[in-house]
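> sequence? don't have it. structure:
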């Protein structure tokens, strides 16, 4: 007879169970009003043109540096979803790696676009670029100057300017400076990997021959927490920025997994099985001062904080089928928000508080769904493949998720307004449990 906790935990927490020796792994100007439209026709992109750069001092600036800056800026603006990006000739800009359908206007022609101007200079200390955002009347809306030593320095400079443009024209945060962490599987081991939001600059943070899964970002992207079997058991570890040393912060008996960090509360919500059952706890940043929040014989897992830190959404099979519930930060006022009795898991609360994303088993696969916190206005946003682990971007518009397609599980990003998707992770190894940084 199978152990019910182990069986249900395997299904609820990313479906990974490594059987040998009992090794169990636990596997997001005035501000226009946008409304979520899965059809992709409920918003209008802003036209913006990246004009030919100038070189005021006639100094030699490396061609690859200028091209990298242009491509990065164009990619950032396109992937934001807010803009139809034109090149200097007025044609659709097509940076390398960007699917063509991400930069199609579909809007009425004849509008005067915003313009992005750049002026490059060089001196004995290296190169610099002055960036300007100009409206259709020629008035400057934004201006920034960046020191850019080489092509690698062009990316962070343009990421910053792209986010400044998004903020200026929409009032919303940009995603260009954010990163996504995920676990890359290779046989019976996995590593924690980070990548820029656009899929470039990939870095492997853990190299131990063991399972490391379910990363979550800490304050200001200064650290990552994740579950790892590096000591033989599923403990929760923390890796600080710039450090190569993992330090354990929760090593209670059983599973220490599914962490989610609340900046407002300065607290983790996570799942522990130290009491003999899968329950949700709250701890501080060092895994101390644990407080048990759920008290039910069912399995409670996959917690996600609300942006205010006042509530937690989680998964429970207390009615026989895993469903999505919400409770107060102290564990009180538990209420069920999904009532379709289809297998549901991996809830994630959007940064603006409007939506909860989760996965639901329908039509033979796991589909990605969003619902309001009161359980209303439910919408399927990803049908293809078998998807799990939704993670919100800071703009509450984009979701990263893991999905099996063509026999390989990879990390994808979907724009909820247009319905467009792009593959984020590369290579032949499987990628699971993405986590999107808030900045």
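Yes, it's here. None of these values were measured; they are calculated from a predicted model.
> against residue 382, how distant is residue 362?
Distance of residue 362 to residue 382, computed by CB to CB, to the nearest Å: 11 Å. All C-beta atoms are positioned from the backbone trio N, CA, C, and that covers glycine.
> compare these two (neighbour count), which wins?
Neighbours were counted for residue 362 and for residue 382 using other CB atoms under 10 Å; residue 382 has more, 24 against 15.
> for the more buried one, which non-adjacent residue is closest in space?
Closest residue to residue 382 apart from its sequence neighbours, by CB to CB, 6 or more residues apart in numbering: residue 368 at 3.6 Å.
> pretty sure that neighbour sits against residue 385.
No. Applying CB atoms under 8 Å, one finds residue 368 not in contact with residue 385, separated by 9.4 Å.
> neighbour-wise, which of these two wins?
Between residue 368 and residue 385, counting by other CB under 10 Å, residue 368 is the more crowded of the two (26 against 20).
> give me the buried positions along stretch 141-161.
Buried residues in stretch 141-161, counting neighbours by 16 or more other CB atoms under 10 Å, are found at 142, 146, 148, 153-161.
> what are the ranges of the helices in this structure?
Ranges of helices in the chain, per DSSP state H, are 4-12, 63-80, 151-170.
> can you give me how far stretch 123-139 is from the chain middle?
Offset of stretch 123-139 from its chain centre (CA atoms, centre = their mean, to the nearest Å): 30 Å.
> just the strands in the stretch 51-200 of the chain please.
83-86, 114-123, 126-134, 140-148, 179-186, 189-196 (DSSP state E, counting those that start in this stretch).
> and the longest one, what other elements does it pack with?
Put plainly, it is strand 114-123. strand 46-50, helix 63-80, strand 126-134 (3 or more CB pairs under 8 Å, 6 or more residues apart in numbering; DSSP states H and E).
> out of these, which comes closest to residue 99?
Closest to residue 99 of these is helix 63-80 (CB to CB; 9.4 Å).
> how about low-confidence regions in this structure?
1-43, 106-110 (pLDDT under 70).
> hang on, the earlier thing: out of the buried residues of stretch 141-161, which one sits closest to residue 420?
residue 159 (20.3 Å).
> so what's the closest one closest to, chain neighbours aside?
residue 176 (4.0 Å).
> do you know how far that neighbour is from residue 199?
12 Å.
> higher neighbour count, the two?
Neighbour totals were compared for residue 176 and residue 199, and residue 176 leads with 26 against 18 (other CB under 10 Å).
> for the more buried one, give me phi and psi.
phi -60, psi -30 (degrees, to the nearest 10).
> going forward can the numbers begin at 45, since that is how I track them
Sure, I'll start counting at 45 from here, so that last one is residue 220.
> contact partners for it?
Taking CB atoms under 8 Å, 6 or more residues apart in numbering, we find residue 220 in contact with 120, 123-124, 202-204, 206-207, 210, 241-242.
> cool, residue 176 as well?
160-162, 184, 186-187.
> beta partners for it?
Counting by DSSP bridges, residue 176 is bridged to residue 161, residue 187.
> now the residue nearest to residue 476 when sequence neighbours are not counted: how far from residue 168?
Excluding the flanking residues, the one nearest residue 476 by CB to CB, 6+ apart is residue 446, at 4.7 Å. Between residue 446 and residue 168 the computed distance is 48 Å (CB to CB).
> just residue 140 next, same as before
From residue 140 to residue 168 the distance is 32 Å (CB to CB).
> more neighbours: those two, which one.
residue 140 (8 against 4).
> what's the burial count for the nearest residue to that one once chain neighbours are set aside?
The shortest distance from residue 140 to any non-neighbouring residue, by CB to CB, 6+ apart, is to residue 115 (6.2 Å). Residues lying near residue 115 (other CB under 10 Å) number 20.
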